[in-house]
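Enquirer: the sequence isn't on hand, but the structure is:
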C-alpha cells in the first residue's frame, strides 16, 4: 500500500502537471486550444482529489484541515451557483457550461476540488 510520503509526492507532482495543462494542444479537434485542456484538467483534478482523500484517511490522527474565510466564501459561491442553476431557465447549460469556456458547475466544482487538495 502507498505510504503517506508517497501519496504526498504523487499529489505534489500531479499539482505540477495541473499547472502545465495550458501547454497541452491536441490538433484535429473542434476547439483544439481549449476543450481538451479542460478535460485534462477535470481528470487531473479528480485524481488529485482522490489522492488527497486517501492521504487524509491515512493521516487522520495528525491531519488538521484549516478552514478560513476564503474557504467559506468559495463554498458559498459554489452553493449559490448550483442552486441558481437548478432553479434557472437552462439547467443543462448551468451544469455543464459551454464547452470552450469551462463555465459550468462541473468546472467550478473541479476548481473547488483543486483548491481543497492544495
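Expert: Alright, I've got the coordinates. Only a predicted model underlies this, so the values are computations on that prediction, with no experimental measurement involved.
Enquirer: so how far is residue 108 from residue 95?
Expert: Distance, residue 95 to residue 108, using C-beta to C-beta, to the nearest Å: 10 Å. Every C-beta, even on glycine, is put in place using the N, C-alpha and C of the backbone.
Enquirer: ah, wrong one, I meant residue 52
Expert: From residue 52 to residue 108 the distance is 18 Å (C-beta to C-beta).
Enquirer: distance from the chain centre to the lengthiest helix in the chain, please.
Expert: Longest helix of the chain, by residue count under DSSP state H: helix 35-58. The chain centre lies 6 Å from the centre of helix 35-58; the measure is C-alpha atoms, centre = their mean, to the nearest Å.
Enquirer: equivalent analysis for stretch 109-118, please.
Expert: Remark: stretch 109-118 is offset 4 Å from the chain centroid, using C-alpha atoms, centre = their mean.
Enquirer: the more surrounded of residue 95 and residue 108?
Expert: residue 108 (18 against 15; other C-beta atoms under 10 Å).
Enquirer: got the contact list for that one?
Expert: Residues in contact with residue 108, defined by C-beta atoms under 8 Å, 6 or more residues apart in numbering, are 77, 78, 81.
Enquirer: how far off centre is stretch 62-78?
Expert: On the basis of C-alpha atoms, centre = their mean, stretch 62-78 sits 15 Å off its chain's mean C-alpha point.
Enquirer: which strands and helices lie in contact with the helix or strand residue 85 falls within?
Expert: When elements are assigned from DSSP states H and E, residue 85 belongs to helix 69-87. Helix 69-87 sits against helix 91-96, helix 105-117, with contacts defined as 3 or more C-beta pairs under 8 Å, 6 or more residues apart in numbering; DSSP states H and E.
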